[in-house]
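Engineer: Whatever this is, show me its structure:
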Amino acid sequence: MKGRDTALDGIRACAALGVWLLHVGSNTGVMYREGMYSWMMARLGIAVPVFFLLSGLLLYRPWARAVIEGTPRPALLRYLWRRVLRVMPAYWLVAGLALWAWSSLGWLDWVKWMLLLQSYFPGDPAPDGLYQMWTLPIEMAFYVLLPLLAWALHRWARRGGNPPVRLLAGIAVLPVISVVTVVATREFGQSQLALTLPYNLVFFAGGMAMAVLSVWIGHSRVIDALAPQLLVLALILYAVLSTGLAGPRTLTLPTLSESLTRMSLEAAIAVLVVAPFALAPRTGSLRHRVLGNPVSAYLGRISYSFFLWHVPVITLQLKLTGAPPFGGDFPSVAVVSLMVSLLLSVGTYHLIEVPALKLARRRSAPALPPAAPAPAPVAPAP
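Structural biologist: Numbers count the residues shown, from 1 in each chain. Below you'll find the model as predicted:
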């Protein structure tokens, strides 16, 4: 697929709204009430695996194309430069404001947060308004590791046989690493490992495998025909995820079986949701018209800024209203935080994200050869 896929932007928008609703529900206590509705709200963290899968899909695809189609591989420094400019400027703004407003951290802790190293120091206090940022160190670790993974997979796939099949076989090792990390997390009581890349590699691996398939087979008629069933199956699995089988709703550590069940269900749901759009990109289909319409696509483009802003906005709102912990008013918190976060996101996207992306493209664009002289006009063919 060439160009921007607006349906994938729509998926990203839905995932960002899911994270927002999860945090509104947790801060107002709605998520901890009895009933299926509260349980399903508590599992909206499935949005994070969807984000991770989309990163694996979109970022690995140029390397997959290089193996399968023989195109040039992305230049390492250009790739890293684009990643830094994509993530860091908006993050620095939001994290810096939250740290200035609600923390008394020393300069060394500021450095940790500004360099996305906070997850590697589990004993440090977590400042107000930034608890959603735990995903960004994982994303950044994947960005840094991906060129090495791609290089290893490229060498493995070119040793013989069918390169796409060998790529998929190599990628299949990554979920094993996640399973081993889950076992180590529970067996040795190292809960902080859940905030690291090895624990979450399974989700990125799903996207990388989908990248290989999207290049190898292009538009899949089977996936296209089964798209409604796949999306319904994702909804059914989400209902299963919203039970005690996947562990408690609180911060209580789940058992090993609950952790593995939750990881398996989240990976399956993320794949089932994204596959109809990544492997069967038919713009005329109902699913693409719903998620790829201009409004959904735009919300997807500003979703990163929305992800950054929504927690500080919720935190500020609760502080201003004096709401007790887990006791805020759900409708008012939802409406105000949504509107304010969207407005801030629009501003951050156009004033910070877009200029940073333009700078990344300008610095990474290859020099163009001098234009050839225009040919002399010729008479039209009879």
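Engineer: Just the buried positions in stretch 233-242, please.
Structural biologist: 234, 237-238, 241-242 (16 or more other CB atoms under 10 Å). The way it works is simple: take the backbone N, C-alpha and C, and place the C-beta from them, glycine included.
Engineer: For those residues, give me CSV that also has pLDDT, distance to Ala268 and secondary structure.
Structural biologist: Output for the buried residues of stretch 233-242, formatted as CSV (pLDDT from 0 to 100; distance: CB to CB, whole Å; DSSP: H, G, I helix; E, B strand; the rest coil):
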residue, pLDDT, distance to Ala268, secondary structure
Ala234, 97, 8, helix
Leu237, 97, 6, helix
Tyr238, 97, 10, helix
Leu241, 96, 9, helix
Ser242, 95, 14, coil
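Engineer: out of these, which one sits closest to Gly284?
Structural biologist: Distance to Gly284 across the buried residues of stretch 233-242 (CB to CB) is lowest for Ala234, with 21.9 Å.
Engineer: Please convert the buried residues of stretch 233-242 to CSV, extending it with distance to Ser257.
Structural biologist: Shown next, in CSV, are these (distance: CB to CB, whole Å):
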residue, distance to Ser257
Ala234, 22
Leu237, 17
Tyr238, 19
Leu241, 14
Ser242, 17
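Engineer: This protein: strands as residue ranges?
Structural biologist: In the chain, no strands are found when defined by DSSP state E.
Engineer: And the residue nearest the centre of it?
Structural biologist: Phe51 (1.9 Å; CA atoms, centre = their mean).
Engineer: per-residue pLDDT, that residue?
Structural biologist: Phe51 carries a pLDDT value of 97.
Engineer: roughly how far apart are it and Phe203?
Structural biologist: According to CB to CB, to the nearest Å, Phe51 stands 8 Å off from Phe203.
Engineer: Quick check: closest non-adjacent residue to the residue nearest to the centre of the chain.
Structural biologist: Once flanking residues are discounted, Phe51 sits nearest to Ala15: 5.6 Å by CB to CB, 6 or more residues apart in numbering.
Engineer: just to revisit the earlier point, among the buried residues of stretch 233-242, find me the one that's closest to Lys112.
Structural biologist: The shortest approach to Lys112 among these belongs to Leu241, at 32.7 Å (CB to CB).
Engineer: I'd say the closest one and Arg43 touch.
Structural biologist: Yes. Shown here, Leu241 and Arg43 form a contact pair, counting by CB atoms under 8 Å, at 5.0 Å.
Engineer: Give me the below-cutoff pLDDT ranges for the stretch 1-150 of the chain.
Structural biologist: Low-confidence segments of the stretch 1-150 of the chain (pLDDT under 70): 1-3.
Engineer: which residues of it fall in helices?
Structural biologist: Remark: helices assigned in the stretch 1-150 of the chain by DSSP state H, counting those that start in this stretch are 6-28, 36-42, 47-69, 76-102, 107-114, 135-157.
Engineer: how close does the closest residue to Arg61 other than its chain neighbours get to Trp309?
Structural biologist: Spatial nearest neighbour of Arg61, excluding adjacent residues (CB to CB, 6+ apart): Ala211 at 4.0 Å. According to CB to CB, Ala211 and Trp309 sit 29 Å apart.
Engineer: More neighbours: these two, which one.
Structural biologist: Trp309 (28 against 23; other CB atoms under 10 Å).
Engineer: who's in contact with that one?
Structural biologist: Applying CB atoms under 8 Å, 6 or more residues apart in numbering to Trp309 gives the contacts 94, 340-341, 344-345, 348.
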